[in-house]
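Enquirer: predicted model, plus sequence, below.
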Amino acid sequence: MFMKCPYCQNELQVTKLKGIAIHECLKCRGKWFERNELMLAKDKADDDLRWLDFDPFGNDAAKLSVASDGKICPHCVNKMQSLTYAQSKIVIDKCPTCEGVWLAHGELAKIIRYLENVVDSASAKVLSHETFKEFTNIFTGHKGMVSEVKDCLAVLNILETRIATEHPKLTQTWLTIENAVPFL
């Protein structure tokens, strides 16, 4: 299927990004992601971010819409909508018809940096809440049990590191107990 870039109208080429086949404009370097491919690319870019999911087509996305400049979807040729990615200042384009996402050159890297900043600024208290949410997602989530377990382990690992950073005396006490009790 011939797909045109919504920015420069060049033909999009199939390319691999983090092992995912996507369409890319070789002129402006914009990228077209089919439904859920952006999430997969984000997960593969940094495994620690896999638990941070933003669905451009979910309920939360509706309130993040911004004025659209009328770009045409390269897949179904309908008008796309613009929205802000999560709570960032990064504006992406989505097609409400075929549920694809268009990212201009460099926007995926900006999304990754934004999510890394979210993780870096999260307190142990916030991360403990997120760990519990990810644990419940193992049984109720939509990504499948294996993926949800990986999400839970990712945020749990970050929580462990954050507790060690925020509460070094507690960590040292735990290590002392762990060394004193051989069966822990």
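Expert: Perfect, I can see it now.
Enquirer: going by C-alpha atoms from here, please, whenever you check contacts or count neighbours.
Expert: OK.
Enquirer: tell me how far residue 103 lies from residue 68.
Expert: Distance of residue 103 to residue 68, computed by Cα to Cα, to the nearest Å: 14 Å.
Enquirer: please identify which of those two sits among more neighbours.
Expert: A count of neighbours by other Cα atoms under 10 Å puts residue 103 above the other of residue 103 and residue 68, at 19 against 14.
Enquirer: what sits against the closest residue to that one other than its chain neighbours?
Expert: Once flanking residues are discounted, residue 103 sits nearest to residue 31: 5.2 Å by Cα to Cα, 6 or more residues apart in numbering. Shown in contact with residue 31 (Cα atoms under 8 Å, 6 or more residues apart in numbering): 22, 23, 24, 25, 102, 103, 104, 105.
Enquirer: out of the residues you listed, which sit inside strands?
Expert: 22, 23, 24, 25, 102, 103 (DSSP state E).
Enquirer: format the residues you listed as JSON lines; extra columns: distance to residue 151.
Expert: Below are those laid out as JSON lines (distance: Cα to Cα, whole Å):
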{"residue": "22", "distance to residue 151": "23"}
{"residue": "23", "distance to residue 151": "27"}
{"residue": "24", "distance to residue 151": "28"}
{"residue": "25", "distance to residue 151": "31"}
{"residue": "102", "distance to residue 151": "25"}
{"residue": "103", "distance to residue 151": "24"}
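Enquirer: nearest to residue 131, of the residues you listed?
Expert: The shortest approach to residue 131 among these belongs to residue 103, at 29.5 Å (Cα to Cα).
Enquirer: before we move on, the earlier item: would you turn the ones in strands among the contacts of residue 31 into TSV with distance to residue 167 and pLDDT?
Expert: Output for the ones in strands among the contacts of residue 31, formatted as TSV (distance: Cα to Cα, whole Å; pLDDT from 0 to 100):
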residue	distance to residue 167	pLDDT
22	43	96
23	46	97
24	46	97
25	48	97
102	42	97
103	40	97
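Enquirer: so which strand or helix has the residue nearest to residue 67 when sequence neighbours are not counted?
Expert: Excluding its sequence neighbours, the residue lying closest to residue 67 (Cα to Cα, 6+ apart) is residue 82, at 6.4 Å. If you go by DSSP states H and E, residue 82 is part of strand 81-84.
Enquirer: good, we can wrap up now.
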